[in-house]
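Q: below is the structure, and that's it, no one-letter string:
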């Protein structure tokens, strides 16, 4: 045996590399046993006397008790917001308002780790997404609208913008802090005051934001947070002291709000459900497209209103795309949201998990073929494996109804005309994706797709300067950009 052979390492080469757990510490977050309502810059016990626990979806452990506001509590919050508006918030210089927004943005950046851990703990989303998406975008929205606060007359030339008054805002459970930022930042920049109701299953980051409001020394009553269930939201919508209603959530609730607001003179924006088509042409960069498919539907466990839950693949590349997609799905890690290696976290609530299971069962009964990669789901908590349906017909429920979970339905097309027809064959119109190397085809598809946001060769990319919103049953009005300011102003 030669000297070189003696020195060679004879240890076996591993066939796979397992990820060691990399949990984020919970110690940075300090939770109270019980949270009251934040009204007029102070914590106020609910006159309803009602509290309910908020549950961690990954462990089913109660995190804290949260107040449930009643009609009297909502009325007190609206009165506090109205007084703050009349007592000077609308009259301070726009440059001063901008300073408050800048302070809030800076504080969110400084406390981003604390907020990210709490968001994952309360909502079930992976810490990587909370840390790398939700928090940076939340701060960015406050920075962006701080920049517009003293430039409103330039944003809307030849018009004299004036604040409306009190904005009543209701946000969903899938992006609690980000939706709060989408709502509060433009409202304050335009000179309004706010009463915001977070979702009952994910209220904790909104309640922690109250401490940011205190730290930024925002005048009392400018931002009020009332927690509770749908009853509190209904009271907020119908309160006569509210001048503007902004809602993000389900289409059914959006319709109820529209009926309640009709004839009152209140301004209204609705950002509702979606059933987006992610369209893959035969000249698309397939490996890049597969990553876009994964990000489009499995980001935040599919709890995304603009999720690419319908995949439209050109027939000539169908088998190749599905093979690559299934292989990539096999690498997704489902588990502890606070583990930095986790790709797919917990389903937000037991009720949502049951809805997902019901629609998946309906897809199997209707004849679609189901694929789920092998993965071990934790015993405690609410979990669902990433799922893809093939051999799906347009009439199947999984192709028509919003599942709001990690479930993808695959359809095929032959021509661009057929792709457009299938993509638009939905009551929704929030978003879409187009994958092709031809710029002319991107522009042609974008003109014909009936969707408010269309991504080209990417998916789920957001920027505070870009307006977001939909058509048809996906709502109306826009959030983000200059378009997001207009609903919070009147013009003289």
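A: Yep, that arrived. From a predicted model like this one, the values you see are computed outputs, not experimental measurements.
Q: show me what secondary structure element comes after the helix or strand of the chain with the lowest mean pLDDT.
A: Least confident helix or strand, the chain: helix 3-7 with a mean of 52, by mean pLDDT, DSSP states H and E. Following helix 3-7 in sequence order, the next helix or strand is strand 34-35 (DSSP states H and E).
Q: report the distance from that next one to the chain centre.
A: Mean-position distance between strand 34-35 and its chain equals 25 Å (CA atoms, centre = their mean, to the nearest Å).
Q: quick one: average pLDDT of it?
A: For strand 34-35, the mean pLDDT works out to 98.
Q: and after that strand, which helix or strand comes next?
A: As assigned by DSSP H and E, the chain's next helix or strand after strand 34-35 is strand 37-39.
Q: quick one: buried residues of the next helix or strand after that next one?
A: Following the chain from strand 37-39 toward its C-terminal end, the next helix or strand by DSSP H and E is strand 42-44. For strand 42-44, burial by neighbour count (16 or more other CB atoms under 10 Å) applies to residue 44. Every residue, glycine included, has its C-beta placed from N, CA and C.
Q: helices or strands next to the helix or strand following strand 42-44 in the packing?
A: Downstream of strand 42-44, the next assigned helix or strand under DSSP H and E is strand 50-55. For strand 50-55, the packing partners by 3 or more CB pairs under 8 Å, 6 or more residues apart in numbering; DSSP states H and E come out as strand 62-68.
Q: report the buried residues of the strand it packs on.
A: Applying 16+ other CB under 10 Å to strand 62-68 flags 63-64, 66-68 as buried.
Q: can I get those in TSV with distance to residue 486 and pLDDT?
A: TSV is the format used below for the buried residues of strand 62-68 (distance: CB to CB, whole Å; pLDDT from 0 to 100):
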residue	distance to residue 486	pLDDT
63	38	97
64	37	97
66	33	98
67	33	98
68	33	98
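Q: ok, these vs residue 283, which is closest?
A: residue 63 (48.9 Å; CB to CB).
Q: domain assignment for this structure?
A: For the chain, automatic domain parsing gives the domain ranges 34-272+474-491, 277-464.
Q: show me how far the shortest one is from its chain's centre.
A: In terms of CA atoms, centre = their mean, the centre of domain 277-464 is found 16 Å from the chain centre.
Q: tell me the one of the buried residues of strand 62-68 nearest residue 278?
A: In terms of CB to CB, no member of the buried residues of strand 62-68 lies closer to residue 278 than residue 63, at 34.7 Å.
Q: surely that closest one meets residue 29?
A: No. Under the criterion of CB atoms under 8 Å, residue 63 is not in contact with residue 29, lying 9.5 Å apart.
Q: what do these two both touch?
A: Common contacts of residue 63 and residue 29, defined by CB atoms under 8 Å, 6 or more residues apart in numbering, comprise residue 121.
Q: quick one: the strands in the stretch 251-400 of the chain?
A: Here the stretch 251-400 of the chain has its strands, by DSSP state E, counting those that start in this stretch, at 267-271, 277-280, 310-314, 369-371, 387-390.
Q: out of those strands, deepest packed?
A: Sort the strands of the stretch 251-400 of the chain by mean neighbour count, taking mean count of other CB atoms under 10 Å, and strand 277-280 sits at the top with a mean of 28.
Q: hmm, who's touching that one?
A: Contact with strand 277-280 is made by 286, 289, 292-293, 296-297, 308, 310-314, 317, 321, 413, 419, 422-423, 426, 432-435, 445, 449, 451, 459, as judged by CB under 8 Å, 6+ apart.
Q: related to what we said a few turns ago, and of the domains of the chain, who's closest to residue 18?
A: With CB to CB as the yardstick, what comes closest out of the domains of the chain is domain 277-464 (10.0 Å).
Q: sorry, back to before: now the strands of the stretch 251-400 of the chain in JSON lines, with mean pLDDT and distance to residue 134?
A: JSON lines is the format used below for the strands of the stretch 251-400 of the chain (pLDDT from 0 to 100; distance: least, CB to CB, whole Å):
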{"stretch": "strand 267-271", "mean pLDDT": "97", "distance to residue 134": "17"}
{"stretch": "strand 277-280", "mean pLDDT": "98", "distance to residue 134": "22"}
{"stretch": "strand 310-314", "mean pLDDT": "98", "distance to residue 134": "25"}
{"stretch": "strand 369-371", "mean pLDDT": "98", "distance to residue 134": "29"}
{"stretch": "strand 387-390", "mean pLDDT": "98", "distance to residue 134": "24"}
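Q: just to revisit the earlier point, now the contacts of strand 277-280: which count as buried?
A: Using 16+ other CB under 10 Å as the burial test, these include 286, 289, 292-293, 296-297, 308, 310-314, 317, 321, 413, 419, 422-423, 426, 432-435, 445, 449, 451, 459 as buried.
Q: before we move on, back to that, need the buried residues of strand 62-68 in a markdown table with distance to residue 233, can you?
A: Formatted as a markdown table, these follow (distance: CB to CB, whole Å):
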| residue | distance to residue 233 |
| --- | --- |
| 63 | 21 |
| 64 | 20 |
| 66 | 15 |
| 67 | 14 |
| 68 | 11 |
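Q: residue ranges with poor pLDDT in the stretch 151-300 of the chain?
A: For the stretch 151-300 of the chain, no stretch is flagged by pLDDT under 70.
Q: helices along that one, start to end?
A: Along the stretch 151-300 of the chain, the segments classed as helices by DSSP state H, counting those that start in this stretch run 152-155, 176-189, 204-215, 230-238, 251-261, 286-298.
Q: show me what contacts residue 435?
A: Contacts of residue 435 by CB under 8 Å, 6+ apart are 278-281, 284-285, 288-289, 292, 456-457.
Q: same check on residue 135?
A: 108-109, 112, 115-116, 119, 177.
Q: please repeat the previous calculation with a cut-off of 6 Å.
A: Contact analysis of residue 135 by CB atoms under 6 Å, 6 or more residues apart in numbering lists 112, 115-116.
Q: ok, and the closest non-adjacent residue to it?
A: The shortest distance from residue 135 to any non-neighbouring residue, by CB to CB, 6 or more residues apart in numbering, is to residue 112 (4.3 Å).
Q: do residue 350 as well
A: Closest to residue 350 by CB to CB, 6+ apart is residue 382, at 5.6 Å.
Q: for residue 26, same thing?
A: Using CB to CB, 6+ apart, the nearest residue to residue 26 is residue 117, at 6.2 Å.
Q: ok, that neighbour - how many residues close by?
A: 21 (other CB atoms under 10 Å).
Q: per-residue confidence for it?
A: According to the prediction, residue 117 has pLDDT 98.
Q: pretty sure residue 267 sits against residue 242.
A: No. Using CB atoms under 6 Å as the test, residue 267 is too far from residue 242 to be in contact (9.8 Å).
Q: residues contacting the residue nearest to residue 26?
A: Residues in contact with residue 117 (CB under 6 Å, 6+ apart) are 24, 28-29.
Q: now list the buried members of those residues.
A: Those of the contacts of residue 117 that meet the buried threshold are 24, 29, by 16+ other CB under 10 Å.
Q: chain neighbours aside, what residue packs nearest to the residue nearest in space to the middle of the chain?
A: Taking CA atoms, centre = their mean, the centroid of the chain lies closest to residue 175, which sits 3.7 Å from it. Residue nearest to residue 175 in three dimensions, not counting chain neighbours: residue 134, with 6.3 Å by CB to CB, 6+ apart.
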